[in-house]
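Enquirer: Sequence plus the predicted model coming up.
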Amino acid sequence: MSALIFDLGGTFLRAAVVDGEQRITHVHKSRIPSVATGCTRDAIWETIASRIVNYERTYGNLAERPSPMVIAFPAPVTDYCHAHQAATVAGNSKEHAGIASLLEARTGRPVLLLNDVSAAAWRVAEITPYRRFLVVTVSSGIGSKMFIRESGVVDDVPFGGEIGHVVVDHSPSAPGCDCGSRGHLGAVASGRAVERLARRRALTDPLAFQSSQLVAKYCATPEWLTNEQHLVPAILNGDSWAFEILRTATVPLAQVLLLIAVAAGLDRVFLMGGFAQAIGPLYLQLLRTLAKQSSRFDLAEIHIDAMFDFAPSSETICLEGCLSFLRQARRLGLSDRLCKRDVRSVPVIAGA
Ligand SMILES: [Zn+2]
């Protein structure tokens with residue numbers, strides 16, 4: 001079983017070969033252009049498509065046709081070919097809609113799109129023993145995927161796992177979400193949301209802000225305040241103003257995760273994502289504490305400490321997840337679903 005695998009993120013495109021012995025080789029990583037640097041959305045998607053095609057031309061001989069290309073994609077995906085929104089790559093645009101069929105036409109290979117959190121969940125499923133778990137990513141946005149050992153990742157509907165786009169703040173002043181709506185969980189509790197909340201609090205309560213480490217130690221201003229340079233270092237250094245911002249923003253996330261865990265009877269809630277990982281064990285402890293405060297029910301509460309944990313993670317987890325998906329898809333009987341895709345009917349995992 002060979003393949004070419006890709007991981008498209010908001011900043012980087014990673015590419016690799018899965019060779020005949022299921023090893024991941026020839027890993028390449030390149031920065032993709034962004035709207036912020038003056039690139040048009042059309043140009044961004046053309047650049048991404050060209051890089052993938054060039055990689056296929058360079059290394060395709062290591063994964064002979066008809067072996068597929070699998071792309072971990074930062075968007076809800078249905079039928080392994082339809083991507084809905086991809087705001088982290090090029091804003092809320094539609095230019096990416098035909099990328100699977102475009103790449104199939106240019107390379108002559110079957111192309112499978114796989115949601116990036118789904119890819120991570122497939123990988124976590126291979127390296128942990130749990131029957132039912134949720135993978136939650138907390139970075140610029142919030143997303144999740146549930147895995148059920150008997151049937152795989154629950155991602156056959158476009159809203160599956162999109163917990164970042166559920167309203168948790170109904171107030172008229174609720175913060176706006178990158179999707180264009182208001183009060184969504186991602187607009188309240190994501191890394192980007194926490195940064196924006198800190199800026200608002202710095203303006204509305206300047207005295208408290210001035211006495212925080214953000215100003216005294218890290219030289220922040222309400223206009224120039226970032227997670228990386230100010231808020232996260234202050235949280236890790238024990239600053240109470242910064243921690244209270246984080247606590248306030250994280251309350252609804254803990255409630256939502258606890259509700260999902262109780263409803264589905266989960267073994268684990270695995271956290272990942274740049275923001276959660278930057279804060280590390282303190283973030284995990286905060287989520288456990290807030291989840292217990294939302295529980296007050298012994299049968300659930302005694303499991304919370306073990307339930308919430310970080311996912312075993314690495315920079316290449318989504319690439320590894322593409323391979324895990326290919327390995328497990330046949331075992332779980334997903335072959336028929338893959339073959340019914342309406343881009344092109346191809347036996348993409350024959351021989352898996
Ligand atoms: Zn939203």
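Expert: All right, it came through fine.

Enquirer: per the record, what domains does the chain have?
Expert: Per the record, the chain has its domains at 3-116+316-339, 129-310, by automatic domain parsing.

Enquirer: Redo those as a markdown table? Include mean pLDDT.
Expert: Shown next, in a markdown table, are the domains of the chain (pLDDT from 0 to 100):
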| stretch | mean pLDDT |
| --- | --- |
| domain 3-116+316-339 | 86 |
| domain 129-310 | 95 |
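
Enquirer: Of all the ones you listed, which one is nearest residue 122?
Expert: With C-beta to C-beta as the criterion, residue 122 lies closest to domain 3-116+316-339 of the domains of the chain, at 4.1 Å. Every C-beta, even on glycine, is put in place using the N, C-alpha and C of the backbone.

Enquirer: Could you confirm whether that closest one reaches the ion?
Expert: No. Shown here: domain 3-116+316-339 not in contact with the ion (C-beta under 5 Å from the ion), separated by at least 8.9 Å.

Enquirer: Which residues lie in contact with residue 324 in this structure?
Expert: Applying C-beta atoms under 8 Å, 6 or more residues apart in numbering to residue 324 gives the contacts 119, 122-123, 125-126.

Enquirer: Now find how far off-centre the helix or strand hosting residue 263 is within its chain.
Expert: Taking DSSP states H and E as the definition, residue 263 sits inside helix 240-264. Centroid separation for helix 240-264 versus its chain: 18 Å, with C-alpha atoms, centre = their mean, to the nearest Å.

Enquirer: what do you get for stretch 66-85?
Expert: Worked out by C-alpha atoms, centre = their mean, stretch 66-85 lies 14 Å from the chain centre.

Enquirer: With only the CA atoms kept, save that stretch in PDB.
Expert: Coordinates of each C-alpha in stretch 66-85 appear next as PDB, following Å, rounded to 0.1, in the frame of the first residue of the first chain:
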ATOM      1  CA  PRO A  66      -3.200   4.100  -9.100                       C
ATOM      2  CA  SER A  67      -2.100   4.600  -5.500                       C
ATOM      3  CA  PRO A  68      -4.000   7.700  -4.100                       C
ATOM      4  CA  MET A  69      -3.100  11.100  -2.800                       C
ATOM      5  CA  VAL A  70      -4.600  11.800   0.600                       C
ATOM      6  CA  ILE A  71      -4.800  15.400   1.800                       C
ATOM      7  CA  ALA A  72      -5.500  16.400   5.400                       C
ATOM      8  CA  PHE A  73      -7.600  19.500   4.800                       C
ATOM      9  CA  PRO A  74      -8.400  22.200   7.400                       C
ATOM     10  CA  ALA A  75     -12.200  22.200   6.600                       C
ATOM     11  CA  PRO A  76     -15.300  20.100   7.100                       C
ATOM     12  CA  VAL A  77     -15.100  17.400   4.400                       C
ATOM     13  CA  THR A  78     -17.900  15.100   3.100                       C
ATOM     14  CA  ASP A  79     -17.500  12.100   0.900                       C
ATOM     15  CA  TYR A  80     -13.700  12.500   1.000                       C
ATOM     16  CA  CYS A  81     -13.900  15.100  -1.800                       C
ATOM     17  CA  HIS A  82     -16.100  18.000  -0.800                       C
ATOM     18  CA  ALA A  83     -14.500  20.600   1.400                       C
ATOM     19  CA  HIS A  84     -16.800  23.100   3.000                       C
ATOM     20  CA  GLN A  85     -15.100  26.400   4.000                       C
END
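
Enquirer: With that, I have no additional questions.
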